[in-house]
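> What follows is a predicted structure for the sequence shown.
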Amino acid sequence: MTDLSSISASELRDRRKTLRRQRRLHLLQGLWRILAMSGLTVGIFWAATRPLWLIRSADQIEVSGNELTSEKAIQSLITLDYPQPLLKVEPAAIAQQLESRAPITQATVVRRLLPPTLEITVQERVPVAVTLPPANAVDPTSYIQVGLLDADGVWMPQSSITFQNEKPKLPALKVQGMQEQYRVYWPKIYQAVTQSPVGISQLDWRDPNNLILHTDLGVVHTGPYSERFGATLATLDKMRDLTKQFDRKQIAYIDLTNPEQPSIQVKAASKPNPTVP
C-alpha cells in the first residue's frame, strides 16, 4: 500500500493533471463515436433516398414460400407509390397488408440495399375443403358464396387465391351450410374425417341438428355435432360388411344419430327398417 506521507505535493498535482487528461480523452472519444454513428446513419439514409436506391416497380419485390398463390398476385396486393425510397418502405405495414388481404398466415418483409429489393417470405393458408352455399341462404353467418376452408376453419373467398397453375386442383372435400359459429368445431371434424377409414366426400351442415355425411357407404345422418363424432365414424367403419347385405339403391341413409344403436333407413316400398345389433 502506498504511503501518502511519502508523496510530495508536486507528485499529487501531476497525478491530478494526468487523471484530468484521461477524463478529457475519454469524453472526446465518446463524442467522436456519437458523431461517427450519426454521420453514418445520415449517410446511409441520404444514400438510400438517392435515385439509385429506389423501389421503382413491383419487379423489385421478390416473393418466396408461395406454392399456391402466384408471385404477381402477391405483388399486386402491396400498396406502394412507385418510385419509393427503400428506407421509407415500412416492412411491418406491408406484412400486415398481405396477412389481411391474402390467404397468408404470416409474412416477413426484409429490405435489401444491393440491389434495392424487397424480399418477402410468406406462409400460405392451405385450402382443405370447398364450401358450398346453402340452397336458401338467409342466415347472415352462413358462407353464402363458394369459397375455401383451411384446416383451422378460416374461410377464404375463392377469388382471393390466384393459383400458379392454370388448372388448379381444388380440394376434393366439400362442405355445405358452413357457418361462422361452426368454425370452433372444424379442426376436430376435419381431423376425424381425414383419419376415417371410410371415405367422406361431403359434409352437409345446413341443419345444425343433423350433420349429414356423403360417404363411400352412402348417406349418413349423424345428428348434431358432439365430441362423439369420432366414435360415430368408428361405428360407420364397422358397418362395411353390413351394408353389403342390402341393395345400395334401396338404402335411403344410414342412421348414426345414436352410434350405440345404428340402423339403416331403407326407401319406401322396401323391407322394414332393420336395426343393427
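That came through, no problem. Numbers count the residues shown, from 1 in each chain.

> pull the longest helix from the protein.
Taking DSSP state H as the criterion, the chain has its longest helix at helix 9-48.

> mean confidence for it?
The average pLDDT for helix 9-48 rounds to 74.

> Thr257: neighbour count?
16 (other C-beta atoms under 10 Å). Every C-beta, even on glycine, is put in place using the N, C-alpha and C of the backbone.

> list the contacts for the closest residue to Ser57 other than its chain neighbours?
Of all residues not flanking Ser57 in the chain, Tyr82 sits nearest, at 5.7 Å (C-beta to C-beta, 6 or more residues apart in numbering). Contacts for Tyr82 (C-beta atoms under 8 Å, 6 or more residues apart in numbering) come out as 55-58.

> How is Tyr82 assigned, secondary-structure-wise?
Under the three-state scheme (DSSP: H, G, I helix; E, B strand; the rest coil), Tyr82 adopts coil.

> how close does it sit to Arg56?
6 Å (C-beta to C-beta, to the nearest Å).

> do Thr105 as well
From Thr105 to Arg56 the distance is 30 Å (C-beta to C-beta).

> Who has more neighbours out of those two?
Neighbour count, other C-beta under 10 Å: between Thr105 and Arg56, Thr105 has more, with 14 against 11.

> From what I see, the more buried one and Thr121 are in contact.
No: judged on C-beta atoms under 8 Å, Thr105 makes no contact with Thr121 at a distance of 11.9 Å.

> Just name the closest of the contacts of Tyr82 to Arg20, please.
Nearest to Arg20 among the contacts of Tyr82, counting by C-beta to C-beta, is Ile55 at 52.6 Å.

> what number of residues lie near the residue nearest to that closest one when sequence neighbours are not counted?
In this structure, Ile55 finds its nearest non-sequential neighbour in Gln84, 4.7 Å apart by C-beta to C-beta, 6+ apart. Applying other C-beta under 10 Å, we find 16 residues neighbouring Gln84.

> How much space separates Gln84 from Tyr253?
Gln84 sits 60 Å away from Tyr253, going by C-beta to C-beta.

> Tell me where this protein has strands.
Applying DSSP state E to the chain gives strands spanning 54-55, 61-64, 84-85, 104-112, 117-124, 127-132, 147-150, 155-157, 174-176, 200-207, 210-215, 218-221, 251-255, 263-266.

> which helices and strands sit right next to the fourth one?
Read that as strand 104-112. helix 91-101, strand 117-124 (3 or more C-beta pairs under 8 Å, 6 or more residues apart in numbering; DSSP states H and E).

> Adding mean pLDDT and mean neighbour count, write those out as JSON lines.
Putting these into JSON lines (pLDDT from 0 to 100; neighbours: other C-beta atoms under 10 Å) gives the following:
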{"stretch": "helix 91-101", "mean pLDDT": "92", "mean neighbour count": "15"}
{"stretch": "strand 117-124", "mean pLDDT": "94", "mean neighbour count": "18"}
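
> Need those in JSON lines (columns: distance to Leu40).
Formatted as JSON lines, the helices and strands packed on strand 104-112 follow (distance: least, C-beta to C-beta, whole Å):
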{"stretch": "helix 91-101", "distance to Leu40": "21"}
{"stretch": "strand 117-124", "distance to Leu40": "22"}
